[in-house]
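> Below are the sequence and a predicted model; questions follow.
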Amino acid sequence: MPELPEVEVTRRSFVAAIESARIDTVYLGKPLRWPLGYPPEALAGRTVRTVGRRGKYLLIELSQGWLLLHLGMSGSLRFARDLPAPGVHDHFELVTSQGTLRLHDPRRFGAVVYADSLVSPAALKLLGHLGVEPLSDAFGLPAFAAGLKARQTAIKQVLMGGTLVVGVGNIYASEALFMAGIRPTSRANKLSRPRVVRLQAAIRDVLARAVEQGGSSLRDFSNADGQTGYFQLEAMVYGRAGLPCRHCGSAIKMIRQGQRSTFYCPVCQKA
C-alpha cells in the first residue's frame, strides 16, 4: 500500500505541471471504493489551483470544490500530455489543458471523492479523524507523549492507527521503532519519556528520508512521472526476516500484528 512518503512523492511529481490547468473532461471506469459523488461532466471548465496532501489523501483544489484522491492498496498516478488509451485497470482520468491525470488501480481499493469544501460532510468523513501530520511543526512532543500515555495497545498498532499521528504505515512504523530501539509489541502507555523522545525523532527522520529517496517501491509503486523509489534498499528491518541485523548481526524476526507483518531485531529492540 502506498504510504505517506509515496503519496507525498507522487504529489510533488505532478503538482507544478497541473497547477492552473483547465479541466476538459473527466473519465470514470469501473467503480472504485467510494463513488465520486458528483456529476463528472459538471467539473468541465473548472481549473486546478493546486494539490495538497492530508495523510495518505491527495487534495486537489479546484476553482470550485475539491477532489480527494486515495491510492488504496495498489493505486498509482500518471500525469502526461500524451497517454495511451485507458487500460482495464485505469478507472479515473482528469483530462486537462496541461495533461491527463490517470489513476491506475488493479485492486480498486482507491477512490476519488468530490467535496464542496474541506469542512463539508463528504470531506470530514474521510479526513476528520486523522491525527497530526508527522512532518509538520504540529507534531509536538507534549501532545505525542500524552497521546501515547492514553493508549494501552501495542505501540506499532498505535502508530498505524492514524488517529494520533497520521501516515505512519507498516513499513515506516517498523523502521522508526527500530531506529528508536523499541519493540513493536511494547505497550504505548509504558514507554518512558526518553524513549518517546527518540521515537518522535525517529518518525520524522524515517519519513523525511523516505521522501528524499522517492518512497519505497516494493511491488509496483512509481510516481506520476513513472519513477520508482529507493528507500527499500536501506530498510533496516522491514522485509528482512531471517537476515542479519545491520547493527548487531542477530537474525531479524517477523511476527503478525493486526493481520500485518511486523519486523524487528530481538537484540536492538529488547523491549
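Thanks, I have it. Numbering: from 1, shown residues only.
> which residues does the nearest residue to Arg78 once chain neighbours are set aside bridge with?
In this structure, Arg78 finds its nearest non-sequential neighbour in Arg102, 4.8 Å apart by Cβ to Cβ, 6 or more residues apart in numbering. To be clear about C-beta, it is placed using only N, CA and C from the backbone, and glycine gets the same treatment. Beta-bridge pairing for Arg102 (DSSP bridges): Arg78, Glu93.
> quick one: Arg102 from Met73, how far?
Per Cβ to Cβ, to the nearest Å, Arg102 is found 18 Å from Met73.
> Equivalent analysis for Ile60, please.
21 Å.
> Tell me which of these two has more neighbours.
In terms of neighbours (other Cβ atoms under 10 Å), Ile60 is the more surrounded of Ile60 and Met73; the figures are 22 against 14.
> pretty sure the more buried one is touching Val48, no?
Yes - using Cβ atoms under 8 Å, Ile60 is in contact with Val48, at 6.3 Å.
> what sits in contact with each of those two?
Common neighbours of Ile60 and Val48, using Cβ atoms under 8 Å, 6 or more residues apart in numbering, are Leu94.
> rewinding a little: isn't the residue nearest to Arg78 up against Gly87?
No - the pair Arg102 / Gly87 is not scored as a contact, 9.4 Å apart, by Cβ under 8 Å.
> More neighbours: which of the two?
Legend: neighbour count by other Cβ under 10 Å for Arg102 and Gly87, higher for Arg102 (24 against 11).
> tell me the pLDDT at the more buried one?
For Arg102, the model assigns a pLDDT of 97.
> What of the one 4 residues further on?
At Pro106, the pLDDT value in this model is 91.
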